[in-house]
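> Give me the fold of what follows.
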Amino acid sequence: MMAEDEPREKKQRVERCLDGEDGDEQAEALSDDALGDPEDDVELEEEEDPALADVAVKETDVGITEYVYKDNPGFWGILRYRYSDFVVNELGADGQPVRLTNFDLPVEDTQETEPTSSQSDALLYLSEQDRAKLEELCDNPQSGSTVLLEAAAEDKEHRTRVHEAVRALFPKLESNTVTEGGLKRIVVKWLAKQRRGGRPSNERRFKKSPKEYCQCVLYKENRDTMEAVNIIAKYMRITPKRISYAGTKDKRAKTSQMISLYRVRAKQIKGLNDHWKGIKIGNFSYVTTPLRLGDLEGNQFKLVLRKLQGEDDVIRRAIESIQQRGFINYFGMQRFGTTSVATHLVGRALLRCQWEEAVNLVLKPRGNDVEALRQCRQVWGRTGNASEALQALGKRRCVEHQLLVGLARCAKTDFIGAFSNIPRNTRLMYVHAFQSYIWNRAVSKRIQLFGLEPVEGDLVRERSSEESVVYVTAENRHLFTMVDVVLPLPGYDVLYPKHEVGALFENLLREDDIDINQLKHKIKDYSLSGGYRNVVLKVDPIRWKITRYDDVEKSLVYGDWEAMESGCEEPAEDDQGPERALVMQFTLPPSSYATMALREVFKKETSSSAQREMMK
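The predicted model follows:
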C-alpha cells in the first residue's frame, strides 16, 4: 500500500497486486528474516487431516454462487491434479510473457577483472552443520558466543578458503585461526562494533554505476513468491526487503516472473542455482530502478484439466461462452486459504480491533499442517506460551514463527505489537481478504437482483480514464455493456452504486460489526481506501485442445525450466492414451483468477476440498 497522500490510481494498482493469481498467494508466507535450514523449505506437498477436511472453506462460504451462462451443462475434469498442470508467466510492462531462457551473465560481469569470492564457491567450504551454527550465531548478536568450525587443522589452503567463505556468506562475523592443544582451529565471532562496516562489501562495487539493481527472471515450482524470496535472501545473506517484484504468484504451479535485487551481483545469484530446489534464476541484467508492485500487465496461464469427461461439443460451447459472454470476476478460493481457518476471518478481526482473536486465529490448528506446525499450534492452544510454541516449531520460518517471536518479545497483552512483527504485506493480505469476501457477496447479489445488463445506478469505468467511474443513467445506459460495470472494493475513498446494492455494502459490513464509515482505521496499515473491480471479464483469445495421456505423472504442459532442459516448448502428444485432458492457454489482467474462469467453463466447485473429492 502507498502513503495516503499518493495518487489514488497508484494506491489501487498496488492493492490489486497484493491480491489474486497475480497473486494466488498463500497467507502462510515466510517472514522477512527467514533463516532456517534449506531442508526446512522442501515440503513440496502437504497432506490434509481428513478430520478437518470437511470444514475447509467452500465457494458458498465466500460469496461465490452465480454464473454468467447457466444453460451450458458443464463437464467433468480435475484441476491441478498435479501442481505442474498449472503454469503461469507474468506479463511484463511491455505486455510480453516473462520467460526463463538462459543463465548468461550481463556484459558488466563478464568484463569484470576485480577478483571476488563467489558465494556459491563459499558453500563448498562450509558444511551444513557449520552454516547452521553460524546462522544461529548471526541470530543472537548479544550472546557473546563463538563458533568452532570443522576445518582441516593443518591444511592452510583449506583454512584460507574457509575464512573467505565466512567473509562472503556472513559479513557481520569475523574468523580467526587459533592453536589449541597443538592443533589449529578456526573460531568465528561477531565483529567488534567499531569494525562493522569497515570491510569492503559487494555494495561498494555499485557506487560508480547508476545501475544498482540486478533484474532477473525467477522461475519457481510449488512455492509462493514470498517463500521463494525469503529462501533467496537467506542464501544471499541479505534482507528480503532488497528483493522486489511486481506481483505474487500462485504456489501450486510452475511460475515465471521478474524480480530485482538491490546491489547484488548476477554471478553471485547464478552460482546458487544448483543449491535451490524448485527455484531457478536467470536472464540477468542491470537496471537503474527496482520493480514495484503493479509493474505488470497481467498473467498468461497454461492449464490442464485431467480425467476429462464430457462431449466435445459441450466443451467447445463452454469455452466459446467465456470468450463471448465472459465470467464473473470473483476473487478465487486461493484468496481465502485452503484450510478450515479462512484468511478473511483474520482480516475481520483486525478491522474490528480484536487483536487477541486475530492472534488465536493465525495459531489455531488446521487440517493441512506439517508436523512441526501441528505441534506448535497444539502447544499454543494448551499453554498460551509463545516461547514453548516456538521450541515446538523448530527452525521453520513462517508467519506463525514471526507472530510467536512478536508474542515472546512484547508484553503479555500487547497483541497489536506482536501482530506487527508479521511482515506488512502479509498483514495486508488478511484485511484485503475480508474486503474481497464482501465484494464477492455483493457481486452475487447484484447479479441476482438485476441480471447481466447495466442498470441505472450502476458504476462503470469512464471510457477516457480507467481509474475514473461514472454512474449509469437513462441517458447513457445504451453506451455500456456488462463488461464496463464495476463494483467498489469497500473503502473510505470510493463511490457506491445508487441502487439496492449500494445499501447492501453497508448491511454486509454491519453483519460483521464493521461500520462502513470507519474504514480509515486507527492503525494506518489496516485502513482500506477501496478501489473498483470489473464484475465480468471476457477471455479472448483462448487456445485449447483435447489431448490424451496414459501416465498421470507425464507433463502435458511445460514450464520454462522444462522447456529449457528439453529444448521443446511443449511435450510430445500421445494420441493413443486411454485418458483425456483439456489443455487451455489464455491471459488475464492483474488480480483476476484463472480458477474462476475455469469454474464458468466446467460448472464445478473449485475449492481444494472439492477437487480432492473428485480425485477419489
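
> tell me which element residue 256 is part of?
strand 254-262 (DSSP states H and E).

> how near is residue 419 to residue 342?
Residue 419 is 17 Å from residue 342, where distance means C-beta to C-beta, to the nearest Å. (C-beta placed from N, C-alpha, C; glycine too.)

> List the strands paired with the strand holding residue 256, with their directions.
Sheet partners assigned to strand 254-262 using DSSP bridges are listed as strand 86-91 (parallel), strand 213-221 (antiparallel), strand 243-245 (antiparallel).

> Which is the succeeding secondary structure element to it?
Criterion used, DSSP H and E; the element after strand 254-262 is helix 266-270.

> Tell me which other helices or strands the longest strand seen in the chain touches.
Among the segments of the chain that qualify as a strand by DSSP state E, the longest is strand 298-309. Strand 298-309 sits against strand 76-79, strand 86-91, strand 579-588, helix 594-602, with contacts defined as 3 or more C-beta pairs under 8 Å, 6 or more residues apart in numbering; DSSP states H and E.

> Now do the second one: everything it contacts.
Okay, so that is strand 86-91. Contacts of strand 86-91 with the rest of the structure, by C-beta atoms under 8 Å, 6 or more residues apart in numbering, involve 21-22, 79-80, 97-99, 246-247, 249-250, 252-258, 296-304, 557-560, 587, 594.

> and if we set it to 6 Å?
80, 97-98, 249-250, 253-257, 296-303, 557, 559 (C-beta atoms under 6 Å, 6 or more residues apart in numbering).

> Mind exporting the C-alpha coordinates of that strand to PDB?
What follows is strand 86-91, C-alpha atoms only, in PDB (Å, rounded to 0.1, in the frame of the first residue of the first chain):
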ATOM      1  CA  PHE A  86      -0.800 -25.000 -13.700                       C
ATOM      2  CA  VAL A  87       1.800 -22.800 -15.500                       C
ATOM      3  CA  VAL A  88       1.900 -19.000 -15.100                       C
ATOM      4  CA  ASN A  89       4.100 -16.500 -16.900                       C
ATOM      5  CA  GLU A  90       3.900 -12.900 -15.800                       C
ATOM      6  CA  LEU A  91       3.200 -10.300 -18.500                       C
END
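
> Downstream of that strand, the next helix or strand is which one?
Criterion used, DSSP H and E; the element after strand 86-91 is helix 107-110.

> In that next one, which residues are buried?
Buried residues in helix 107-110, counted by 16 or more other C-beta atoms under 10 Å: 108, 109.

> Distance from the chain centre to it, please.
31 Å (C-alpha atoms, centre = their mean, to the nearest Å).

> With stretch 156-172 instead?
That offset, for stretch 156-172, works out to 35 Å (C-alpha atoms, centre = their mean).

> So for it, what gets flagged as buried?
Here stretch 156-172 shows 159, 161, 162, 163, 164, 165, 166, 167, 168, 169, 170, 171 as buried, counting by 16+ other C-beta under 10 Å.

> residues in contact with the strand holding residue 256?
By C-beta under 6 Å, 6+ apart, strand 254-262 touches 84, 87-90, 98-100, 213-215, 217-221, 242-245, 249, 290-291, 559-560.

> For ChimeraX, what selects the buried ones among the residues you listed?
The ChimeraX command for the buried members of these (criterion: 16+ other C-beta under 10 Å) is given here:
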select :84,87,88,89,90,98,99,100,213,214,215,217,218,219,220,221,242,243,244,245,249,290,291,559,560
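
> Would you mind identifying the next helix or strand past the helix ranked longest in the chain?
Looking across the chain with DSSP state H, the single longest helix is helix 424-450. Scanning forward in sequence from helix 424-450 by DSSP H and E, the next helix or strand is strand 459-462.

> Quick one: list the elements packing against the longest helix of the chain.
helix 343-351, strand 485-489, helix 500-511 (3 or more C-beta pairs under 6 Å, 6 or more residues apart in numbering; DSSP states H and E).

> Quick one: mean pLDDT over the helix or strand containing residue 470.
Assessed by DSSP H and E, residue 470 sits inside strand 465-471. Averaged over strand 465-471, pLDDT sits at 84.

> Then stretch 266-286?
91.

> buried stuff in it?
So for stretch 266-286, counting by 16+ other C-beta under 10 Å, buried means 266-272, 276, 278-286.

> Stretch 593-610 now?
Those would be 593-609, for stretch 593-610 by 16+ other C-beta under 10 Å.

> Need the CA coordinates for that stretch. PDB is fine.
C-alpha atoms of stretch 593-610 as PDB (Å, rounded to 0.1, in the frame of the first residue of the first chain):
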ATOM      1  CA  TYR A 593      -8.300 -15.600 -11.100                       C
ATOM      2  CA  ALA A 594      -7.900 -18.300 -13.800                       C
ATOM      3  CA  THR A 595      -9.700 -20.700 -11.500                       C
ATOM      4  CA  MET A 596     -12.800 -18.500 -11.700                       C
ATOM      5  CA  ALA A 597     -12.700 -18.500 -15.500                       C
ATOM      6  CA  LEU A 598     -12.500 -22.400 -15.400                       C
ATOM      7  CA  ARG A 599     -15.400 -22.500 -12.900                       C
ATOM      8  CA  GLU A 600     -17.500 -20.800 -15.500                       C
ATOM      9  CA  VAL A 601     -16.400 -23.400 -18.100                       C
ATOM     10  CA  PHE A 602     -16.900 -26.700 -16.300                       C
ATOM     11  CA  LYS A 603     -19.500 -25.500 -13.700                       C
ATOM     12  CA  LYS A 604     -17.800 -27.300 -10.800                       C
ATOM     13  CA  GLU A 605     -16.700 -26.200  -7.300                       C
ATOM     14  CA  THR A 606     -13.100 -25.100  -7.400                       C
ATOM     15  CA  SER A 607     -12.300 -25.300  -3.700                       C
ATOM     16  CA  SER A 608      -9.300 -27.600  -2.800                       C
ATOM     17  CA  SER A 609     -11.600 -29.900  -0.800                       C
ATOM     18  CA  ALA A 610     -14.000 -30.300  -3.700                       C
END
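
> what about the stretch 51-200 of the chain, any weak spots by pLDDT?
Within the stretch 51-200 of the chain, the stretches with pLDDT under 70 are 51-55, 110-123, 139-144, 150-154, 181-182, 192-200.

> can you pull out the strands in it?
Using DSSP state E, counting those that start in this stretch, the strands of the stretch 51-200 of the chain run over 76-79, 86-91, 147-149, 173-180, 183-190.

> and among those strands, the most buried is which?
Ranked by mean neighbour count under mean count of other C-beta atoms under 10 Å, the strands of the stretch 51-200 of the chain are led by strand 86-91, which reaches a mean of 24.

> coming back round to it: show me how far the longest helix of the chain is from its chain's centre.
18 Å.

> and it with helix 500-511, angle?
130 degrees (axes from the mean of the first three to the mean of the last three C-alpha atoms, to 10 degrees).

> thinking again about what came up before, what about the helices and strands packed on helix 424-450, which gets the closest to residue 424?
Among the helices and strands packed on helix 424-450, helix 343-351 comes nearest to residue 424, with 12.4 Å by C-beta to C-beta.

> Return the alpha-carbon coordinates of that closest one using PDB.
Taking C-alpha atoms only, helix 343-351 is exported to PDB below (Å, rounded to 0.1, in the frame of the first residue of the first chain):
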ATOM      1  CA  THR A 343      -7.900 -15.700   5.900                       C
ATOM      2  CA  HIS A 344     -10.800 -13.200   5.700                       C
ATOM      3  CA  LEU A 345     -11.700 -14.100   9.300                       C
ATOM      4  CA  VAL A 346      -8.300 -12.900  10.500                       C
ATOM      5  CA  GLY A 347      -8.800  -9.800   8.400                       C
ATOM      6  CA  ARG A 348     -12.200  -9.200  10.000                       C
ATOM      7  CA  ALA A 349     -10.700  -9.500  13.500                       C
ATOM      8  CA  LEU A 350      -8.000  -6.900  12.600                       C
ATOM      9  CA  LEU A 351     -10.600  -4.500  11.200                       C
END
